[in-house]
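Peer 1: Structure, please.
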Amino acid sequence: MHSIKKQLSVFAVSRNADDQAAQIAHQLGATLETSESGLSGLVLEVGEAKLALRDYDRPRTRSFFVDSQIQRRVVSSRDLLGRALGPKSTTIIDATAGFGSDSFDFLRRGKRVFAVERISLIVFLLKDAVAKIENSDERKRISVLEAAAQDIIPSLPSCDVIFLDPMFEDVEKRSAKPRKAQQLLRLIAGPSSDSDSLLEVARQHAKQRVVVKRPRLSSSLGVEPDHCFMGKSIRYDVYFSRTS
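Peer 2: Modelled structure (predicted):
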């Protein structure tokens, strides 16, 4: 289990969730809280229907939960991600899955997805979200794996695309109002520190290409991409595979 940057507590927000909260706290090695008074830091709220995260050090923030059904608004003629993935891709490794927004997007595009995440808490939330997917075909097409991406990629089935969405210090400093999910990811995991080496591993094992999601004006991962798909706020850097 990779440790998180902030102490984690688990709290049942409904009476019928007490046993589940205790079990989850044990699984995650977290502190089980039985009273709402005095809650502080990062808290995993356990309800009957869902799990949610909340930073109690920021009392005005709402709870966040992983929702596999959130869909992006995409103009078909400007589907940058679809173009970056390539027309013939069917299998994808999301090597920096985070809370799964990209993994679930790939799933809705009909891809076979391997979502790789190194933080046990995030993996737990991802698996809970996957278990709640109603479409059985979609559930079968996604696997959530707890591991460091560099370690597990060589042992996974060779996939058409390996997707990277690393978090960097320079991006954090320039981001005035990051989304709640981004704030929590930074709080839990901190910035990426091994993205250059991960890119090299990915290029050695992707069948077709590696796609890196970046803020529009941020630097690339040390080497120039083979191609770029540029949007208003983000871009997708494409590196062709070195396996061919």
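Peer 1: Show me the helices in the protein, by range?
Peer 2: Counting by DSSP state H, the chain has helices at residues 18-28, 80-85, 101-108, 120-131, 136-140, 149-152, 169-174, 180-189, 195-205.
Peer 1: hey, least reliable of those helices by pLDDT?
Peer 2: Lowest mean pLDDT of the helices of the chain: helix 169-174, a mean of 49.
Peer 1: Count the residues that sit near I142.
Peer 2: I142: 24 surrounding residues under other CB atoms under 10 Å. No exception for glycine: its C-beta is placed from N, CA and C like everyone else's.
Peer 1: now do the one 4 residues further on
Peer 2: Applying other CB under 10 Å, we find 18 other residues in the vicinity of E146.
Peer 1: Not including adjacent chain positions, what is the nearest residue to it?
Peer 2: Nearest residue to E146, sequence neighbours excluded (CB to CB, 6 or more residues apart in numbering): V123, at 4.3 Å.
Peer 1: Report the contact partners of the one you found.
Peer 2: Residues counted as contacts of V123 (CB atoms under 8 Å, 6 or more residues apart in numbering) are E117, V144, L145, E146.
Peer 1: can I get those in CSV with distance to D94 and pLDDT?
Peer 2: Formatted as CSV, these follow (distance: CB to CB, whole Å; pLDDT from 0 to 100):
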residue, distance to D94, pLDDT
E117, 9, 95
V144, 10, 98
L145, 10, 97
E146, 13, 96
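Peer 1: quick one: which of those has the most company?
Peer 2: The most crowded member of these, judged by other CB under 10 Å, is E117 (28 neighbours).
Peer 1: L121 reaches S9, doesn't it?
Peer 2: No. Taking CB atoms under 8 Å as the definition, L121 is not a contact partner of S9, at 11.5 Å.
Peer 1: my guess is D67 meets A129, correct?
Peer 2: Yes. Here D67 lies in contact with A129, judged by CB under 8 Å, at a distance of 6.9 Å.
Peer 1: Please parse the protein into its domains.
Peer 2: Using automatic domain parsing, the domains assigned to the chain come out as 8-55, 76-240.
Peer 1: could I get the ones you listed as a markdown table with distance to T61?
Peer 2: Shown next, in a markdown table, are these (distance: least, CB to CB, whole Å):
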| stretch | distance to T61 |
| --- | --- |
| domain 8-55 | 6 |
| domain 76-240 | 7 |
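Peer 1: So which of the ones you listed is the most surrounded?
Peer 2: Mean neighbours per residue, mean count of other CB atoms under 10 Å, is largest over the domains of the chain for domain 76-240, with a mean of 18.
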